[in-house]
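Asks: what follows is a predicted protein model with its sequence.
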Amino acid sequence: MSKTTETPPRLKLEQYLGMQIRRQRQAQELKIAEVARIAGISQGMLSKIENAQVSTSLDTLSRLCDVLGMPMSKLFSQYDQQGSGALLVKSDEGLEVVRRGTEKGHTYHLLNHTRGPKKTFEAYMVSMDDASEEFPTFSHPGTEFLHLLEGELVYRHGNGLYPMQAGDSLTFDAEVPHGPEQLIQVPIRLLSIMNYGKE
């Protein structure tokens, strides 16, 4: 039975803003009374804002940001990124992906996913255990980084052939046709990271 990890519930905007203001105030070792007085609001109002008991105006938030010396954009900047900072994929739990031209004995496990419409990179664990298999060549935008964890092979990039043993790495322009040329020692485990950069 697979175990699923639940995503923590998303904070409401009031909770998030209150938490950010409290953290910033405490980091500067300022008392509620000081910040409230300089911002021109009551102590009770600031306490309610910090504890998400009230929705406040942008004008009040702007004054609080001025007192705390932080840009208002910073106050909101990470609200939409809650919970998306890290992704843990346990061993052998990556999503199995079938890529064009791959046959039995050649599997890709996707180790990451990126939120949003544009992917900046993809990471795969590639397993190959059939030394007689013929491989297609790949060509795609960006830069690719390979790190051979197990086995031995010859990798082709354009007209170049690169013998690789466990522990070796290869980085190349992925628009140039590339792919495994010959499997010398199987099984092979290869970490492949494709960086698409910013378009």
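Replies: Here it is on my side, so go on. Numbering: from 1, shown residues only.

Asks: pLDDT of the strand ranked longest in the chain, averaged?
Replies: For the chain, the strand with the greatest residue count under DSSP state E is strand 178-195. The pLDDT scores in strand 178-195 average 92.

Asks: helices or strands next to that strand in the packing?
Replies: Packed against strand 178-195 by the contact rule (3 or more Cβ pairs under 8 Å, 6 or more residues apart in numbering; DSSP states H and E) you find strand 121-128, strand 143-157. From N, CA and C alone the C-beta is placed, and that goes for glycine too.

Asks: adding mean pLDDT and distance to Gln182 as columns, could you present those strands in a markdown table?
Replies: Below are the helices and strands packed on strand 178-195 laid out as a markdown table (pLDDT from 0 to 100; distance: least, Cβ to Cβ, whole Å):
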| stretch | mean pLDDT | distance to Gln182 |
| --- | --- | --- |
| strand 121-128 | 85 | 11 |
| strand 143-157 | 93 | 4 |
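
Asks: now those in CSV, with distance to Ala27 and mean neighbour count?
Replies: CSV is the format used below for the helices and strands packed on strand 178-195 (distance: least, Cβ to Cβ, whole Å; neighbours: other Cβ atoms under 10 Å):
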stretch, distance to Ala27, mean neighbour count
strand 121-128, 33, 19
strand 143-157, 38, 18
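
Asks: make JSON lines out of those and add distance to Lys48.
Replies: Formatted as JSON lines, the helices and strands packed on strand 178-195 follow (distance: least, Cβ to Cβ, whole Å):
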{"stretch": "strand 121-128", "distance to Lys48": "43"}
{"stretch": "strand 143-157", "distance to Lys48": "51"}
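
Asks: hmm, back to that, what comes up buried for the longest strand of the chain?
Replies: Along strand 178-195, these residues count as buried under the neighbour rule (16 or more other Cβ atoms under 10 Å): His178, Pro180, Glu181, Leu183, Val186, Ile188, Arg189, Leu190, Ser192, Ile193, Met194, Asn195.

Asks: can you say which two of those residues are spatially most distant?
Replies: Val186 and Asn195 (27.4 Å; Cβ to Cβ).

Asks: quick one: residues in contact with stretch 165-181.
Replies: With contacts defined as Cβ atoms under 8 Å, 6 or more residues apart in numbering, stretch 165-181 is touched by 128, 135-158, 161-162, 164, 194.

Asks: what ranges do the helices span in this protein?
Replies: Using DSSP state H, the helices of the chain run over 13-27, 32-39, 43-50, 58-68, 72-77.

Asks: alpha carbons of the last one, as PDB, please.
Replies: In PDB, the C-alpha atoms belonging to helix 72-77 read as follows (Å, rounded to 0.1, in the frame of the first residue of the first chain):
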ATOM      1  CA  MET A  72       5.500  45.800   0.100                       C
ATOM      2  CA  SER A  73       6.300  43.600  -2.900                       C
ATOM      3  CA  LYS A  74       8.400  41.400  -0.500                       C
ATOM      4  CA  LEU A  75       5.400  41.000   1.800                       C
ATOM      5  CA  PHE A  76       3.300  39.400  -1.000                       C
ATOM      6  CA  SER A  77       6.100  37.800  -3.100                       C
END
